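Peer 1: here is my input, please return the structure:
(chains A and B)
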Amino acid sequence: MAFKEFMKELNGARIEGELIKTLFYSLLTSFAFLAILYFLKFRYITDFIGKYGVSLFFSALSYALVVPAIKQVKAYKEMPCMSGMMVGMTTGMIFGFLPGFFVASTNGMFVGSVFGMVLGIIFGIYNGKCCGIMGTMEGIMAGFMGGLMGAMTAFMLLNDNLKAISVIVFIISAFIVFGLNYMIYKEMKEVTNHKKQDNLFSIVITFILIAITTWFIVFGPRSALFQ
Amino acid sequence: MKNTTILLFLGVIVLVIGGFVFASSTKPNGNTITGNAVNNGEIQRITLSTKNYNYYPDTIKVKAGQPVSISLDEKVSGCLRSFTLRDLGISKYLKTAQDTLDFTPTQKGTFKFSCSMGMGYGTLIVE
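Peer 2: Coordinates of the predicted model:
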């Protein structure tokens, strides 16, 4: 029953009605940024799409997936401990795993791990703090674990269907984040005075993330195996 | 426009762009390069390097009954330095370019070699 209501709210006036729009703006920002850079600079790099295309494409999709969840959590500000811990853990894990995975597939395990851990921990804290120290701790731990796991998985699959596993990892992550959106709605549907943020926040945060990721993937430091 | 319609529209765009990216990307390990052992007297010496995140060359031919000495040059790093011939039950961590894995293949056939984690791999052909 609640799920049907949630699906209805995706077109409604609550914050859940903003999720798809935020996804759209985030994706548009990333693709526009990458397209402009491609025509200005990247097309002169030999086999650019072959070397970096898949990682950049999935990085853009990953950020478009997670940014709406950040917006949804921020709209409710405070949550019960159990929900907040789940929010911290899911955000930290997905935000650590996906960037770690895609950066490690072009830059090596060390760079991918560090990148994934930093992003995972930052956004794990940012979202997890909605329930205080428990969610914050959960976010730190999940970001730490997700960053390492994502990079390690990519590195170990370099010679074994890396592109196929990229698709599988992304689809599973998309289901998890969709589950998180639904869980937040189910737990917080009684709250009606939530604060909506404008789309500028989502666009700015996506721009910063995709710019940093692009720099790392194309120009960033690499492990010896990738030089 | 309804949000779910926007989502469907986005899905189509993502599939089109994704299809283009996947079609344009090259396969890193599609070509097999064969490197023959250098027959230096009685010992067949092979030095492997790395290319496309894998051993280079990734196919080695040796003669049965003659000692083989495998080494890895300075470019080989990480777990690729832990050279493993699982079919023959041989494994050694070749820390430097001077370290060698020495053995004598007695049985003719094709054997897979890899690093200890299975990330880099290739084929040893004993003729």
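Peer 1: what ranges of the chain fall below the confidence cut-off?
Peer 2: Just so you know, I chose chain A. Filtered on pLDDT under 70, chain A yields the residue ranges A:1, A:159, A:224-227.
Peer 1: hm, I was asking about chain B
Peer 2: When residues are selected by pLDDT under 70, those of chain B lie in B:26-41.
Peer 1: now do the strands in it.
Peer 2: Taking DSSP state E as the criterion, chain B contains strands spanning B:34-36, B:38-40, B:43-51, B:54-56, B:59-62, B:68-72, B:82-85, B:90-93, B:101-103, B:109-115, B:121-126.
Peer 1: please produce CSV containing those, extended by mean neighbour count.
Peer 2: C-beta coordinates here come from the backbone N, C-alpha and C atoms, glycine included. As requested, the strands of chain B are exported to CSV (neighbours: other CB atoms under 10 Å in any protein chain shown):
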stretch, mean neighbour count
strand B:34-36, 14
strand B:38-40, 11
strand B:43-51, 18
strand B:54-56, 21
strand B:59-62, 19
strand B:68-72, 21
strand B:82-85, 21
strand B:90-93, 15
strand B:101-103, 16
strand B:109-115, 17
strand B:121-126, 18
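Peer 1: now tabulate these in CSV and tack on distance to residue A:167.
Peer 2: Putting those into CSV (distance: least, CB to CB, whole Å) gives the following:
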stretch, distance to residue A:167
strand B:34-36, 32
strand B:38-40, 43
strand B:43-51, 26
strand B:54-56, 22
strand B:59-62, 30
strand B:68-72, 33
strand B:82-85, 30
strand B:90-93, 33
strand B:101-103, 37
strand B:109-115, 25
strand B:121-126, 23
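Peer 1: and chain A, which of its residues are near chain B?
Peer 2: A:10-11, A:17, A:19-21, A:23-24, A:27, A:31, A:47, A:49-51, A:53-54, A:57, A:61, A:109, A:155-156, A:158-160, A:163, A:223-226 (CB under 8 Å from any CB of the partner chain).
Peer 1: which of the residues you listed fall in helices?
Peer 2: Secondary structure assignment by DSSP state H places A:19-21, A:23-24, A:27, A:31, A:54, A:57, A:61, A:109, A:155-156, A:163 of the residues of chain A next to chain B in helices.
Peer 1: can you say which of the strands of chain B is nearest to residue A:116?
Peer 2: Residue A:116 lies closest, by CB to CB, to one member of those: strand B:109-115, at 22.9 Å.
Peer 1: put the alpha carbons of that closest one into CSV.
Peer 2: Extracted in CSV, the C-alpha atoms of strand B:109-115 (Å, rounded to 0.1, in the frame of the first residue of the first chain):
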residue,chain,number,x,y,z
GLY,B,109,50.5,-29.6,-23.5
THR,B,110,48.9,-26.2,-22.9
PHE,B,111,49.0,-24.7,-19.4
LYS,B,112,47.5,-21.5,-18.1
PHE,B,113,49.7,-19.2,-16.0
SER,B,114,48.4,-16.2,-14.0
CYS,B,115,49.2,-14.0,-11.0
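Peer 1: quick one: it near chain A?
Peer 2: No: using CB under 8 Å from any CB, strand B:109-115 never reaches chain A; the gap is at least 9.0 Å.
Peer 1: who does that strand pair up with?
Peer 2: Paired with strand B:109-115 in the same sheet, following DSSP bridges, are strand B:82-85 (antiparallel), strand B:121-126 (antiparallel).
Peer 1: quick one: contacts of the first one?
Peer 2: Contacting residues not belonging to strand B:82-85 are listed as B:48, B:70, B:72, B:90-94, B:101, B:103, B:111, B:113-117, B:124 [CB atoms under 8 Å, 6 or more residues apart in numbering or on different chains].
Peer 1: measure the residue nearest to residue A:210 when sequence neighbours are not counted to residue A:203 for me?
Peer 2: Spatial nearest neighbour of residue A:210, chain neighbours left out: residue A:30 (4.5 Å); criterion: CB to CB, 6 or more residues apart in numbering or on different chains. In this view, residue A:30 and residue A:203 are 10 Å apart by CB to CB, to the nearest Å.
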